[in-house]
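Colleague: no FASTA, just this:
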């Protein structure tokens, strides 16, 4: 499956910042869907007093087993 965005779009220089940046990108992709069919699987909220961000995500996944019986979890694209 091709990436929905180029790796150069994520400008963060650490994993935590990249998580926030990617979450905000997903939220913006959701907002680009017409309101009547818009998913609301990603929520990013900021607390300016605490200087923190909260990310809530509900991502549809498929769970299968590999040949050795170990679970393989694959995220599914849910944004039309």
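Modeller: The structure has been received and is ready for your questions. Bear in mind that the values here come from a model prediction, so they are computed numbers and not experimental data.
Colleague: show the backbone phi and psi for residue 13.
Modeller: When read as degrees, to the nearest 10, the backbone of residue 13 gives phi -110, psi 10.
Colleague: pLDDT wise, what is it at?
Modeller: Residue 13 carries a pLDDT value of 89.
Colleague: cool, the one 4 residues further on as well?
Modeller: Confidence per residue is given as pLDDT, and for residue 17 that number is 93.
Colleague: check residue 6 too.
Modeller: Residue 6 is assigned 68 on the pLDDT scale.
Colleague: what's near enough to touch the nearest residue to residue 76 once chain neighbours are set aside?
Modeller: The shortest distance from residue 76 to any non-neighbouring residue, by Cβ to Cβ, 6 or more residues apart in numbering, is to residue 60 (4.4 Å). (C-beta placed from N, C-alpha, C; glycine too.) Listed by Cβ atoms under 8 Å, 6 or more residues apart in numbering, the contact set of residue 60 reads 41, 75-76, 78.
Colleague: just residue 56 next, same as before
Modeller: Residue 56 makes contact with 42-43, according to Cβ under 8 Å, 6+ apart.
Colleague: which SS class is it?
Modeller: strand (DSSP: H, G, I helix; E, B strand; the rest coil).
Colleague: who does it form a beta bridge with?
Modeller: Beta-bridge partners of residue 56, counted by DSSP bridges, are residue 43.
Colleague: okay, now residue 79: neighbour count?
Modeller: For residue 79, the neighbour count with other Cβ atoms under 10 Å is 13.
Colleague: what strand or helix carries the nearest residue to it once chain neighbours are set aside?
Modeller: Using Cβ to Cβ, 6+ apart and skipping residues adjacent in sequence, the residue nearest residue 79 is residue 29, 5.1 Å away. Taking DSSP states H and E as the definition, residue 29 sits inside helix 15-31.
Colleague: which other helices and strands contact that helix?
Modeller: Under the contact criterion of 3 or more Cβ pairs under 8 Å, 6 or more residues apart in numbering; DSSP states H and E, helix 15-31 touches strand 42-47, strand 52-57.
Colleague: before I go, just wanted to say thanks for your time.
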